[in-house]
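Undergrad: Fold the following and give me the result.
(one chain, ligands or ions: 1)
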Amino acid sequence: MKFIDLDKTVSYTGLLELAGKKIDLKTLLTPERVEKCSVPAGGGLAYNWAAKWVDENVLEALEKLSGEMELIAKYRALLSGEVMNTGEGRMVLHHLLRGQLEKDVIHQGKNIGEFYRKELARFAAFADKVRSGEIVPAPGKRYTAVCQIGIGGSDLGPRALALALENWAAVEGKKTLRAEFISNVDPDDASRLASLLPLSETLFILVSKSGTTQETLTNELFIKDKLARAGLDPAKHMAAVTSETSPLANNPGYLDSFYFDDFIGGRYSSSSGVGGVILSLAFGSDVFKEFLAGAHEADKLALEPSIVKNAALLDALIGVWERNFLNLPYTAILPYSQALSRFPAHLQQLDMESNGKRVNRDGKPVAYSTGPVVFGEPGTNGQHSFYQLLHQGTDCVPLQFVGFLESQRGDDISVDGSGSQTKLKANLAAQITAFALGKEDANGNKHFPGGRPSSLLYGKRLTPQTLGALLAHFENKVMFQGFIWNVNSFDQEGVQLGKVLARKILKKQSSGSGDPVLDAYGSLLGI
Ligand code: F6P
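TA: As a prediction, the model looks like this:
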């Protein structure tokens, strides 16, 4: 297996040549193509690429690139425990949290899959006991709320998932505990939740893989202080999720502690206890297991070598086509589902922290663009906000739509002859068509150029399985793109410098940090 930079591949030149031949989306996009260009993505989801600037020639060239870069072999190597996080010298094993696809991964005599399964069983049993009232905060009391304290990967994915399942769980008759999140070191975040939550009935879950994150440790003390002031024992109101090597491990000050390891990156950790503890507490461990099953199904589909049968791989390759050959530097994530309102925020971290790299996996600068800028909002809200730029602005932004045939709650009203869910879907169909085909108008201000590419991930209804597949689809897409750009998608050195400078200025409040510019901004902000 060879790791090579994208511009050193034979396929690169072929793709550059193809990019010179303009593909007209307006003639390419036919009703037959809309019907034909769909591939299963797992959990009942399908990926449709009809409205992408991709014809048979481009597909063929992308297939060649996939073969030349040995993308499936690299994925298999990652699953087998090869050190893919080269910067930190670590294996990358988040797929193993949802099921095993390759041989056992043994590290220093320890079967890692067994460890993950054991932790899953431990936190599932813990959640079941909390939900059944076997574990209580005090005699005669029950936990009615759970609140996660964490940031980055210890917040964004789990928060997006909890929101995504809230409505589904309510109508499926699942007993739910209220799920909240504290992430920002802004004291208003913790203070607001401490004032809103019934503290005597709340179980806080402290989540930090490293156990050293400033924001999270500060918020833990903030909440412990509030609990103590309310006359409550913090040890009865706090559980922890961390790595076995973290300073938080084996602390008797928590009701219980659950573990994962350094082979699970923060932004890839939603399938571990990081997402699993709060989702199991809030909705039930069975629901979390359904979510894992959906993710596992998507992981299996991602092993398919033919690119038109592999949704994550195709999505990744089309993204690279747009980024490196059509020179489009952005991607918008547009879920037509309010339940996915925080999903774009999760994908911002997943994609940009993974592939926002300027050196390859050997630390050498690359001579081509890597990860795009990712942003998004749920439709139709986005339509009333930034879609103006997307339709008529000077930049062409590739779009990733997500939509469902049915709403989660099924509660609807007919107005002007159609229900709200139908209106939502009508808007989605309208936007894809408007972006692709545009509209001629002699008045330049009213002219829509069209030719703006989009894809659609769609399914019947957003369920735990579908959600698992959706999460894994994007994780696998990002992984394949990282392989293509030959970067390490599993470290994040770019977040360190700011942390160091913040610590520096906090330590030297009276005498100055020794960095005049830092001190000048410090004075401006009253530090
Ligand atoms: O600062 C970035 C980061 O390291 C993320 O990669 C990670 O998800 C987040 O901080 C939180 O880290 P931890 O779980 O160790 O507190």
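Undergrad: Quick check: residues of the stretch 101-250 of the chain near the ligand?
TA: Applying Cβ under 6 Å from any ligand atom, one finds that the stretch 101-250 of the chain approaches the ligand through I151, G152, G153, S154, S208, K209, S210, T213, T216. Using the backbone N, CA and C atoms, a C-beta is placed for each residue, glycine as well.
Undergrad: which ones are touching the residue of the stretch 201-350 of the chain found nearest the ligand?
TA: Using Cβ to the nearest ligand atom, the single residue of the stretch 201-350 of the chain nearest to the ligand is G266, 2.4 Å away. By Cβ atoms under 8 Å, 6 or more residues apart in numbering, G266 lies in contact with G152, G153, S154, K209, V274, Q492.
Undergrad: which residue ranges form the helices in the stretch 151-300 of the chain?
TA: Remark: helices assigned in the stretch 151-300 of the chain by DSSP state H, counting those that start in this stretch are 156-171, 187-196, 214-229, 273-283, 285-301.
Undergrad: again with the stretch 401-527 of the chain
TA: Going by DSSP H, counting those that start in this stretch, the stretch 401-527 of the chain shows helices at 420-437, 464-485, 496-507, 516-524.
Undergrad: Other residues contacting the shortest one?
TA: Taking Cβ under 8 Å, 6+ apart as the criterion, the residues outside helix 516-524 that touch it are L501, K504, I505, G512, S513.
Undergrad: quick one: which of the residues you listed is nearest the ligand?
TA: L501 (13.4 Å).
Undergrad: Which residue, other than its chain neighbours, is closest to the closest one?
TA: Once flanking residues are discounted, L501 sits nearest to L518: 5.8 Å by Cβ to Cβ, 6 or more residues apart in numbering.
Undergrad: mind checking pLDDT for that neighbour?
TA: Confidence at L518, expressed as pLDDT, is 93.
Undergrad: these two touch, right, R142 and I135?
TA: No. With contact defined as Cβ atoms under 8 Å, R142 does not reach I135; the gap is 9.6 Å.
Undergrad: And those two? Which one has more around it.
TA: I135 (18 against 14; other Cβ atoms under 10 Å).
Undergrad: how close does the closest residue to the more buried one other than its chain neighbours sit to the ligand?
TA: When the adjacent residues along the chain are set aside, I135 lies closest to K129, with 4.5 Å between them (Cβ to Cβ, 6+ apart). Counting by Cβ to the nearest ligand atom, to the nearest Å, the gap from K129 to the ligand is 25 Å.
Undergrad: Can you name the residues of the chain sitting close to the ligand?
TA: 151-154, 208-210, 213, 216, 266-267, 353, 492, 495.
Undergrad: Drop the exposed ones from those and show what's left.
TA: I151, G152, G153, S154, S208, K209, T213, T216, G266, R267, E353, Q492 (16 or more other Cβ atoms under 10 Å).
Undergrad: Same list (those residues) but as a markdown table, adding distance to F404.
TA: Shown next, in a markdown table, are those (distance: Cβ to Cβ, whole Å):
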| residue | distance to F404 |
| --- | --- |
| I151 | 30 |
| G152 | 28 |
| G153 | 26 |
| S154 | 28 |
| S208 | 34 |
| K209 | 32 |
| T213 | 35 |
| T216 | 34 |
| G266 | 28 |
| R267 | 25 |
| E353 | 28 |
| Q492 | 32 |
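Undergrad: Can you tell me which of the residues you listed end up in strands?
TA: Among these, DSSP state E puts S208 in strands.
Undergrad: could I get the buried ones among the residues of the chain next to the ligand as CSV with pLDDT and distance to N381?
TA: Compiled in CSV, these are given as follows (pLDDT from 0 to 100; distance: Cβ to Cβ, whole Å):
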residue, pLDDT, distance to N381
I151, 98, 25
G152, 98, 25
G153, 98, 25
S154, 98, 27
S208, 98, 32
K209, 97, 32
T213, 97, 31
T216, 98, 30
G266, 97, 28
R267, 98, 25
E353, 98, 25
Q492, 97, 30
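Undergrad: May I have the distance across stretch 27-35, first residue to last?
TA: End-to-end distance for stretch 27-35: 16 Å, by Cα to Cα, to the nearest Å.
Undergrad: what mean pLDDT does it have?
TA: Averaging pLDDT along stretch 27-35 gives 97.
Undergrad: Stretch 434-443 too?
TA: On average, the pLDDT along stretch 434-443 is 98.
Undergrad: what distance separates the start and the end of stretch 405-423?
TA: End-to-end distance for stretch 405-423, by Cα to Cα: 11 Å.
Undergrad: contacting residues around that stretch?
TA: Stretch 405-423 is contacted from outside by 167-168, 170-171, 337, 339, 424-426, 458-462, using Cβ under 8 Å, 6+ apart.
Undergrad: quick one: which of the residues you listed is nearest the ligand?
TA: Using Cβ to the nearest ligand atom, these come closest to the ligand at A339, 22.8 Å.
Undergrad: shouldn't F258 be in contact with G275?
TA: No. In this structure, F258 is not within contact of G275 by Cβ under 8 Å, at 11.4 Å.
Undergrad: So between these two, which is more surrounded?
TA: Set side by side, F258 and G275 show more neighbours around G275, with 27 against 21, by other Cβ under 10 Å.
Undergrad: Could you tell me the per-residue confidence at that one?
TA: pLDDT at G275 comes out at 98.
Undergrad: Once you drop chain neighbours, what's closest to it?
TA: P158 (4.1 Å).
Undergrad: Against K439, how distant is the one you found?
TA: Distance from P158 to K439, counting by Cβ to Cβ, to the nearest Å: 42 Å.
Undergrad: follow-up on the earlier one: surely the residue nearest to I135 forms part of a strand?
TA: No. Read with DSSP: H, G, I helix; E, B strand; the rest coil, K129 is helix and lies in no strand.
Undergrad: Does it touch R142 like I think?
TA: No. Judged on Cβ under 8 Å, K129 makes no contact with R142 at a distance of 11.6 Å.
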